[in-house]
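J.: mind folding the following:
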Amino acid sequence: MLDILYRDDWLVAIHKPSGLLVHRSPIAAHEERFAVQLLRDQIGRRVYPAHRLDRGTSGVLLFALDREVARTLAQHFESQAVDKRYLAIVRGHPPEHGLIDHALVRRLDPVELSRGKGAGARDTLPEDLDEDDPTNAAGPVMAPVAQPALTRFRRLATVELPHAVDRYPTSRYALVELFPETGRRHQLRRHLKHIAHPIIGDATYGKGRHNRLFQELFGCHRMLLACTRLALAHPVTNTALEIVAPPAQDFATVACALGWGAVLASAAAQAGTFGAQSPFPVLRRLDAANDPTRLSR
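T.: Alright, predicted model coming up:
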């Protein structure tokens, strides 16, 4: 049974566990369980996802109960009228707070590339040339177009473990709160990789050696990213709607093992958000050659 966080005549929100796909995808053709299917069977009516969470991400996932409301919700998300909050455990010690301003081009999965289209037939661009990946599996194609992408963040806690990874005798990690102002595909994961603080457990954009350390120390086999809050105007009543969820138990177990139990509880209890105009400094690409103060651990 899925954990239902909120339900009325037009909307339903669940706490999606890590590892569950939102809907059927050719990328995981062997999968038989999807949030859309499970929720439909659980409540006995059709549901329409208002947004997406990556398979490895847990947390608040919102659905509409009819097509018209789904269209209105889609407009809310596209116009950046939804306040979203995430928690993540990342490699290294990022600054106390900041704004990552780094445009992203669309990334298509191999199955989508082979079919010549993007997810849901909405994307028409090929996979981008990632700035950290000199290869281009798509071949000779139209030049990718970068779209503005902004993510605010603040660092909540840090730890240094006595385990050698890479060339350092110890390993540094941090708990961060993330506020995406745009909704590009894999935005949080790509942005954190871009500033050299990838999410632990991210097999695509993360660091395998750090991921394996967390598997060995904490039995953690998930990506440590969780959507903990959505706030928006109700698409039908126009009243303020806030849906919150503490990080799932498997996320919380790792955070507590790192000594962040109280910090995690405090973050979950806070309802306020930053204003639309962020006072945070803008973080662009970090290059150790040009920025010797960067914390690269």
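
J.: quick check: phi and psi on Lys207?
T.: Note on Lys207: its backbone torsions stand at phi -110, psi 120 [degrees, to the nearest 10].

J.: so it makes contact with Gly92?
T.: No: between Lys207 and Gly92 there is no contact under Cβ atoms under 8 Å: 9.8 Å. Where C-beta positions appear, they are placed from N, C-alpha and C, glycine not excepted.

J.: ranges for the strands of the stretch 101-250 of the chain?
T.: For the stretch 101-250 of the chain, the strands defined by DSSP state E, counting those that start in this stretch occupy 150-161, 171-180, 225-233, 240-244.

J.: output the ones you listed as CSV; include the columns distance to Leu61 and mean neighbour count.
T.: Listed next are the strands of the stretch 101-250 of the chain as CSV, based on distance: least, Cβ to Cβ, whole Å; neighbours: other Cβ atoms under 10 Å:
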stretch, distance to Leu61, mean neighbour count
strand 150-161, 19, 18
strand 171-180, 15, 22
strand 225-233, 7, 22
strand 240-244, 10, 16
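
J.: turn those strands into TSV, including distance to Lys16 and mean pLDDT.
T.: Output for the strands of the stretch 101-250 of the chain, formatted as TSV (distance: least, Cβ to Cβ, whole Å; pLDDT from 0 to 100):
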stretch	distance to Lys16	mean pLDDT
strand 150-161	20	98
strand 171-180	17	97
strand 225-233	8	97
strand 240-244	12	96
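
J.: with respect to Leu53, which of those strands lies nearest?
T.: Leu53 lies closest, by Cβ to Cβ, to one member of the strands of the stretch 101-250 of the chain: strand 225-233, at 6.0 Å.

J.: strands paired with that closest one, and their directions?
T.: Here strand 225-233 is paired, per DSSP bridges, with strand 58-64 (parallel), strand 83-91 (antiparallel), strand 240-244 (antiparallel).

J.: mean neighbour count, the ones you listed: which tops it?
T.: Across those, the average number of neighbours (mean count of other Cβ atoms under 10 Å) peaks for strand 58-64, which reaches a mean of 25.

J.: quick one: contacts of whichever helix or strand comes after it?
T.: Later in the chain than strand 58-64, the nearest helix or strand by DSSP states H and E is helix 67-78. Residues outside helix 67-78 that contact it (Cβ atoms under 8 Å, 6 or more residues apart in numbering) are 10-11, 48, 50-51, 62, 64, 81-82, 183, 232-233, 235-236.

J.: filter these down to the buried ones.
T.: The neighbour count (16 or more other Cβ atoms under 10 Å) marks Trp10, Leu11, Tyr48, Ala50, His51, Leu62, Ala64, Val82, Leu232, Pro235, Val236 as buried among those.

J.: out of these, what pair is the most spread apart?
T.: With Cβ to Cβ as the measure, no two of those lie farther apart than His51 and Val236, at 17.3 Å.

J.: returning to what we had before: distance to Arg155 added to the strands paired with strand 225-233, as CSV?
T.: Compiled in CSV, these are given as follows (distance: least, Cβ to Cβ, whole Å):
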stretch, distance to Arg155
strand 58-64, 20
strand 83-91, 9
strand 240-244, 21
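
J.: so which of those is nearest Gln187?
T.: Counting by Cβ to Cβ, Gln187 lies closest to strand 83-91 out of the strands paired with strand 225-233; the figure is 10.2 Å.

J.: can you show me the CA trace of that closest one as CSV?
T.: Taking Å, rounded to 0.1, in the frame of the first residue of the first chain, the C-alpha atoms of strand 83-91 are listed here in CSV:
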residue,chain,number,x,y,z
ASP,A,83,7.5,25.7,-4.3
LYS,A,84,9.5,22.5,-4.1
ARG,A,85,11.9,21.4,-1.3
TYR,A,86,14.3,18.5,-1.3
LEU,A,87,16.9,17.0,1.0
ALA,A,88,20.0,15.3,-0.2
ILE,A,89,23.2,13.8,1.2
VAL,A,90,26.1,14.8,-0.9
ARG,A,91,29.9,14.3,-1.3
